[in-house]
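1. need a structure here:
(chains A, B and C)
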Amino acid sequence: MQQLDRDHALTLLKPYLEDRLRIKAGHDLKATAHVLANVGINLQPIKADVHLASYVLNSVTSRHALEDIARHYLALETPPIALESLTGKGRSKLTKVTLAPSEILNYAAERADLILRASLFLEHELAADARLEGIYRLFELPLVNVLRAMEQNGIALDKIALARQSDELGTQLNKLELKAHELAGEAFNLGSPKQLQAILYEKLGLPMLKKTKTGQPSTAEPVLAELAEDYELPRVILEQRSLAKLKSTYTDKLPLQVNSGSGRIHSTFQQAVAATGRLSSTDPNLQNIPIRTNEGRRVRQAFVSAPETLLLAADYSQVELRIMAHLSQDPGLLKAFSSAQDVHRATAADVFSVALDQVTADQRRSAKAINFGLIYGMSAFGLANQIGVSRGEAGEYIERYFEKYPGVRAYMDETQALADEKGYVETLFGRRLYLPDIHAGNGMLRKAAQRTAINAPMQGTAADIIKRAMIDIQNWLNEGSIDARMLLQVHDELVFEVSERDLPLLADGVRFRMVSAAALDVPLVVDIGTGKNWDEAH
DNA sequence: CATGTCACG
DNA sequence: ACGTACGTGACATGA
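-> Next up is the predicted model:
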């Protein structure tokens, strides 16, 4: 078989791969586009991706590998060639680039065939529902290049600051470990729930407050926090655990993820994972960088802007509650948002029957838990647990809430009924989430599906809205008049890097496009912060 | 590879 | 009577 020279082949392919008029179908074209970008080819247009089509058709199905799509949608007589059959697996596995072209030929040809056939079939399926097809064509496909650019941009990291913090954490952890061994009366591995459980509940005889789902006594944070009120060891363990988490997941590991070429961290945004339509972030996950504790915020401070630039963080304020107001059309909730009230305070005033300016900090905290609970499909038990009151009292709060906001109860009831009748729920823009357990005989599974039915339209609509804003903002940035780059998305927040000169322009343009991303019956509000690091920008 | 835990929205 | 908040990803342990 004659083999073309690699560079010669790329030269021949480039005009075709960059021709906007020739539609290319693929599987996970974001990954393909990265590979091609590395050899100087700008893949376009991105108008057919079976990975995304499969996800839009059924986001609950967890895998959308080409093999899964082929098996599910095409009636294959023999299974497709597995890459592993060529590369082997485990430690000695080869990579695709080390395979000889002749070895990979049949595999590649078969994938090309499967992609084309699957794409035609999936597009036909999507055509059955105009709104679902809209999610594919107007949200997911245009987002591919936005995410590709973000992944390519990466974000700068202050490795020196993290190394210093790692050292300090190491010292503190040693002390805490010694202290814990002393209190336990023996040495043990603090990282082992099994050993800790034996110490706490068998050796020291502390009260067992909760079990894990496999029946083991739990040593999870809420349990230890309660025990810490009466005993010292759980208190030490809690502190050790939180610091060990910071060290092992963040201060030790993040510096290893800095790319030597760019000097920056390049996460991957997964577009076909979350059932609700959210993105997720992997390798590393930059959507769970600490923020809630002081020591954690030091990690966030290590995410910095390049010289002469600043980071800008823009986040939607209470977007899911605003969506609930819009979807439910409850007059009281609509009014609270339209008159720009502090919504948790307004809820507290209504639930506890006090004037707005008489709401205590405690009442506001409870109201906030109620509002979160509504979004999560709460029960009286869950709320009681969260705010530390009896189940009965929590039940009364919920009852009072629904008296004041009857539209919300009606909306929840309608959503449940719709989920029951159709077996799925939808976002405002028509993204669909199937609920396979909505008729389950197992009551626990069924109730979980019912809570998902309540939550998914709100979480999913929020995901749709920010995706639309990202596409709009990236199109604007692509015009080239502003020196700024989109770096991260964290569900209701976007992070940019911008030259100091263009900061005001970027802030205005980002805010305008984020608040305009959906026309709800309540305003969308965006808070913006800036600084030399991600913590300051918050 | 499953389990428990914990970081985030 | 029974068990409970929604959605993710990464790490350490231990079979």
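2. drop to CA atoms for contacts and neighbour counts, all remaining ones
-> OK.
3. any low-confidence regions in chain A?
-> Scanning chain A for pLDDT under 70 picks out the ranges A:1, A:90-92.
4. nearest the geometric middle of it, what residue?
-> The centroid of chain A falls nearest to A:Ser280 when counting by CA atoms, centre = their mean (3.9 Å).
5. verify the stated contact: that residue with A:Phe269.
-> Yes - the pair A:Ser280 / A:Phe269 is scored as a contact, 5.6 Å apart, by CA atoms under 8 Å.
6. return the residues of chain A in contact with DNA strand B.
-> Chain A has residues A:193, A:212-216, A:218-222, A:238, A:241-243, A:245-246, A:287-293, A:296, A:490-493 near DNA strand B, with proximity defined as CA under 7 Å from any atom of the strand.
7. looking at the residues you listed, which are in strands?
-> If you go by DSSP state E, those have A:Glu493 in strands.
8. which of the residues of chain A next to DNA strand B count as buried?
-> Buried subset of the residues of chain A next to DNA strand B (neighbour count, 16 or more other CA atoms under 10 Å): A:218-219, A:238, A:241, A:243, A:246, A:287, A:289-291, A:296, A:490-493.
9. just these now: which is nearest A:Ala275?
-> Of all these, A:Ala275 sits closest to A:His491, with 13.7 Å by CA to CA.
10. who are the contact partners of the closest one?
-> By CA atoms under 8 Å, 6 or more residues apart in numbering, the contact set of A:His491 is A:278-279, A:287, A:462-463, A:466.
11. quick one: it from A:Phe372, how far?
-> 16 Å (CA to CA, to the nearest Å).
12. could you identify the longest helix within chain A?
-> When chain A is parsed with DSSP state H, its longest helix is helix A:443-478.
13. if you count neighbours, what's buried in that helix?
-> A:446-447, A:449-474, A:477.
14. list the helices and strands it packs on?
-> Helices and strands touching helix A:443-478, by 3 or more CA pairs under 8 Å, 6 or more residues apart in numbering; DSSP states H and E, are helix A:141-153, helix A:319-328, helix A:361-376, helix A:406-422, strand A:424-426, strand A:484-489, helix A:503-515.
15. domain parsing for chain A?
-> According to automatic domain parsing, chain A comprises the domains A:6-128, A:157-265, A:280-289+A:303-318+A:464-531, A:321-461.
16. any part of the shortest one near DNA strand C?
-> Put plainly, it is domain A:280-289+A:303-318+A:464-531. Yes - between domain A:280-289+A:303-318+A:464-531 and DNA strand C, judged by CA under 7 Å from any atom of the strand, the touching residues are A:280-285, A:288.
17. one step back: which of the domains of chain A sits closest to A:Asn145?
-> domain A:6-128 (7.1 Å).
18. all strands of the stretch 251-400 of chain A, in order?
-> Assigned by DSSP state E, counting those that start in this stretch, the strands in the stretch 251-400 of chain A fall at A:264-265, A:268-270, A:280-282, A:303-304, A:309-316.
19. neighbouring strands for the second one, and are they parallel or not?
-> Strand pairing for strand A:268-270, using DSSP bridges, gives strand A:280-282 (antiparallel).
20. quick one: contacts of the strand it pairs with?
-> Residues from elsewhere that reach strand A:280-282, judged by CA under 8 Å, 6+ apart: A:267-271, A:273-274, A:287.
21. show me the two of these that sit farthest apart.
-> A:Ser267 and A:Ala274 (16.6 Å).
22. list the contacts of the closest residue to A:Gln329 other than its chain neighbours.
-> Distance criterion CA to CA, 6 or more residues apart in numbering; nearest residue to A:Gln329, sequence neighbours excluded, is A:Gly407 at 6.4 Å. A:Gly407 makes contact with A:328-331 under the criterion CA under 8 Å, 6+ apart.
23. again with A:Tyr376
-> With CA under 8 Å, 6+ apart, A:Tyr376 has these contacts: A:451-452, A:454-455.
24. just A:Leu169 next, same as before
-> So A:Leu169 contacts A:243-244, A:247 (CA under 8 Å, 6+ apart).
25. apart from its neighbours in sequence, what residue is nearest the residue of the stretch 1-150 of chain A found nearest DNA strand C?
-> At 7.2 Å from DNA strand C, A:Val60 is the closest residue in the stretch 1-150 of chain A, using CA to the nearest atom of the strand. Nearest non-adjacent residue to A:Val60, counting by CA to CA, 6+ apart: A:Ala275, 5.1 Å away.
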